[in-house]
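Colleague: fold the stuff below for me.
(2 chains)
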Amino acid sequence: MTSSKQIFVLSFLVFAVLAFGQTNSAKKQASAKPAKSAAAPVKAPPPVLLPSQAQIDAALQRTFGYDAGLSWTIYDIKPSVIPGLVDVLVSMNKQNPVHLYVSPDTPYAVAGEMIPFGPDPFAPAREKLKPADGPTLGAQAPVIDIVEFSDLECPHCKKAAPILEKLVADFPKVQLRFQQFPLPATMHPWALKAAQYADCAAREKKDAFWKYINAIFDNQGSIAAVTADDKLKELATGVGLDANKLATCAAAPETESSVNKSLQLGQSLDVNQTPTVFINGRRVLSIGDIPYEQLKALVQFEIDHAGK
Amino acid sequence: MRQLFLALVLLLPALAWSQAPKQAKKATAGTTAAMKLPTPAEVDVALKRSFGYDPSITWRILQIVPSDAQGISDVYVLLNNKDYVHFYILPGQKAIEGEMMPFGSNPFADDRKKLQAANGPARGPNTPIISMIEFSDLECPYCKAAQPMVEKLATDFPQVRYVFQNFPLPMHPWAMKAAKYADCVANQDRAAFWKYIDSVFENQGGIALATADDKLKELAGEAGLDAQKISTCASSLETDARVNKSIALGKSAGVQGTPTVFINGRKLPGLGGLDYDHLKALVQFEIDHAGK
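Modeller: Below is the predicted model of the structure:
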């Protein structure tokens, strides 16, 4: 058969082939590990007997070892949300890592991406998002909500901000909620501090919050870790906030735990890159790359499926 | 998630599988028999919920079967009229969009065991280190193209047993008849079998359904066989049963298209588009992993 060859290529080089399309995986991986160490997991995963690195390596060797031109790196072995199914993150030939879902009870694995799938596939995420208590914009009794996990030092979050604000302006039934998700200092040195300032801004004067974060986004390029306090205070004054009060609040343990709570909420939803947006529980990545008309269609579709 | 969806869709031309959807596989003994498969309506609802926001995304559900892995259904979907995608349905409203493959310390044991029943014409030792089993269709051009490679492998690895199994596809009008003739040739004169199938392959272009009997007889005569006897044998019920048994064996091991070659139980549809050196390396690797 003409295409049998192609199938075979896929089944053997499935990792490599899949990797072409999945530029997100690398970002995910890059942020996944540090993000996890930033805060304790919300709940301990159920005890699962995971295959060892050596076992996974042996299995990969058994399948791909015939070709000296193929190499692989195992990044992570962890339980998936499905009991008995193990999530192995592996990179073939130094390409972006892809997921290999291994079923240790049977000699099979699926290379691909796990997605919500069913009549109400976003219900679990919606349920988990219920404790989200970040500042909001738009409808007070919304039909659906858009929850954004954002990092004030992240350029893609800056790009996403006006898009999300336009969405809530265009859809009066929708509420936008902002959740702090500062990435680790190794990636974004002043993101946590900014999150703490912004968290205080929201508590001090809710109306000023949105102006404040937009001011931070606008000044991303001129803020550095050493100047962060001065700059964040200056911007606070610029939007009518009490800068000294804000700085004191930002350094308080309560603020730290408030931001950590938001981080943990995101981690419980497997957020590992910013911005990550949930529209009625549906995860949307790289929102800045989606044409606005398509985004509007998506929001309308979710309004039509509110609560399901 | 649109990005992921598109990303996967864009890479899936590699998956293009132009032939008819694969036949429903028999549930693996015991393990998947009790599994409840989603209905087409249920799958449609799920696809609509995920992708219905974009009217430019279309889909057609091709088949819903148990996968090889316990408790996981395999939903095969044609997206946007061009991309063939597997959704492996998991509990808890989850699915994996991707490709299932054998994986583990002894991943090819299942098919190796099933294929012990392969009893087509064979070359090589009776107690081989490993077997190379080819499911082939005499009307299929890719089988014709593969044949010299497979035979060269058999020659280069005399310790490997090469078994030919008929797997005529329904889409090829005279493939079944040719399989029956070839089966009878093997029974009458095993040594002549390989010459016979090579001559059928060579004459593929000159055979049509209406002339198939004449042509297949003629080729039998040229191979030094009793053409009339072969023809009578080819239309017998026993021959029909034997060819169907070979097809059933292939299907039980998940053969969907031809040629499909199993080396030590490891499935290579279309010989994988591998060049000969890679194929050789693969056979040597399987010899090194004989029985595991």
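Colleague: grab the nearest non-local neighbour of residue A:68.
Modeller: residue B:281 (7.7 Å; Cβ to Cβ, 6 or more residues apart in numbering or on different chains). Every C-beta, even on glycine, is put in place using the N, C-alpha and C of the backbone.
Colleague: now do that neighbour, the pLDDT please.
Modeller: Here, the pLDDT recorded for residue B:281 equals 94.
Colleague: count the neighbours of it for me.
Modeller: If you count neighbours by other Cβ atoms under 10 Å in any protein chain shown, residue B:281 ends up with 17.
Colleague: residue B:147 sits in which helix or strand?
Modeller: In the assignment (DSSP states H and E), residue B:147 maps to helix B:141-156.
Colleague: for residue A:203, same thing?
Modeller: In the assignment (DSSP H and E), residue A:203 maps to helix A:191-204.
Colleague: who are the packing partners of that helix?
Modeller: Where contact means 3 or more Cβ pairs under 8 Å, 6 or more residues apart in numbering or on different chains; DSSP states H and E, helix A:191-204 is packed against strand A:174-180, helix A:206-218, helix A:228-238, helix A:243-250, helix A:253-268.
Colleague: again, 10 Å this time
Modeller: strand A:144-150, strand A:174-180, helix A:206-218, helix A:228-238, helix A:243-250, helix A:253-268 (3 or more Cβ pairs under 10 Å, 6 or more residues apart in numbering or on different chains; DSSP states H and E).
Colleague: relative to chain B, how far out is the spatially most central residue of chain A?
Modeller: Centrality entry for chain A: nearest residue to the mean C-alpha point is residue A:271, 3.0 Å, by Cα atoms, centre = their mean. When distance is defined by Cβ to the nearest Cβ, to the nearest Å, residue A:271 is 13 Å away from chain B.
Colleague: tell me the mean pLDDT over stretch A:263-275?
Modeller: 95.
Colleague: so how far is residue A:51 from the residue of chain B found nearest chain A?
Modeller: Closest contact between chain B and chain A, by Cβ to the nearest Cβ, is at residue B:98 (1.6 Å). According to Cβ to Cβ, to the nearest Å, residue B:98 and residue A:51 sit 19 Å apart.
Colleague: the two: which is more packed in?
Modeller: Neighbour count, other Cβ under 10 Å: between residue B:98 and residue A:51, residue B:98 has more, with 26 against 18.
Colleague: so after the host helix or strand of that one, what's the next helix or strand?
Modeller: Assigned by DSSP H and E, residue B:98 belongs to strand B:94-102. Later in the chain than strand B:94-102, the nearest helix or strand by DSSP H and E is helix B:109-114.
Colleague: touching chain A at all, that following helix?
Modeller: Yes: judged by Cβ under 10 Å from any Cβ of the partner chain, helix B:109-114 and chain A are in contact via B:109, B:110.
Colleague: where does pLDDT dip in the chain?
Modeller: Just going to use chain A. Applying pLDDT under 70 to chain A picks out residues A:1-48.
Colleague: ah, I was thinking of chain B
Modeller: Chain B contains residues with pLDDT under 70 at B:1-35.
Colleague: if you set the cut-off to 50 instead, what comes out?
Modeller: For chain B, applying pLDDT under 50 flags the ranges B:1-33.
Colleague: please, where are all the helices along it?
Modeller: B:2-11, B:40-51, B:109-114, B:141-156, B:175-188, B:190-202, B:212-222, B:227-234, B:237-252, B:276-288 (DSSP state H).
Colleague: between the ones you listed, which gets nearest to residue A:180?
Modeller: If you check each of the helices of chain B against residue A:180 by Cβ to Cβ, helix B:2-11 wins as the nearest, at 23.7 Å.
Colleague: what comes up buried for stretch B:67-84?
Modeller: The neighbour-count check on stretch B:67-84 (16 or more other Cβ atoms under 10 Å in any protein chain shown) flags B:67-79, B:83-84 as buried.
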